[in-house]
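Colleague: Requesting a structural model of the entry that follows:
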Amino acid sequence: MLESEVPQEGNVTLGGHRKGVYARGDDGKIQLVQSAGWEVEEIVTRQAVDDLNRMAEDARQRVLAGQTSALEYHMHKARMDLPLLSQTTGLWQWRIRRHFRPDIFAGLSPAMLGRYASVMGISVEQLKKAE
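Modeller: Residues are numbered from 1 along each chain as shown. Next up, the predicted model:
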């Protein structure tokens, strides 16, 4: 893409910020150019966020029904999936899936709860509740 072709339509999901994209300048070299975003990007971002919000709400309903732990809800609410939560905590995916069981989650140590809370940017108290 040429520097003059970088979209500047605007993207509400960027919150008024600009982002950098690479484009070819007049001199033929690749350079970083500011962009206000474009409509297609906004549509796709909104769809992805809607999907994550739906997954979080589904998990919250399962928490209230006693079918899963609040950990699964907060994972989706933090816009994470199982592989990402595994990478950020350093825990195996099978172990995290085990922690989705309400009985197992209830017995987790304060250190383990703190580990999860830390990577999600919430307190341990918040982690224990699906609110």
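Colleague: what about the residue lying closest to residue 5 once chain neighbours are set aside, how many neighbours?
Modeller: With sequence-adjacent residues excluded and distances taken as C-beta to C-beta, 6 or more residues apart in numbering, residue 5 is closest to residue 23, at 7.1 Å. In this view, the C-beta of every residue, glycine as well, is placed from N, C-alpha and C. Residue 23 has 16 neighbours, counted by other C-beta atoms under 10 Å.
Colleague: same deal with residue 46?
Modeller: For residue 46, using other C-beta under 10 Å, the count is 13.
Colleague: Now stretch 47-66: buried residues?
Modeller: Neighbour-count burial for stretch 47-66 flags 52, 55, 56, 59, 60, 62, 63 (criterion: 16 or more other C-beta atoms under 10 Å).
Colleague: Among those residues, which are located in helices?
Modeller: 52, 55, 56, 59, 60, 62, 63 (DSSP state H).
Colleague: pLDDT and distance to residue 12 added to the residues you listed, as TSV?
Modeller: Listed next are these as TSV, based on pLDDT from 0 to 100; distance: C-beta to C-beta, whole Å:
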residue	pLDDT	distance to residue 12
52	91	17
55	95	22
56	95	21
59	96	26
60	96	26
62	97	31
63	96	31
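Colleague: tell me the mean pLDDT over stretch 21-37?
Modeller: In this model, stretch 21-37 has an average pLDDT of 85.
Colleague: With that, I have no additional questions.
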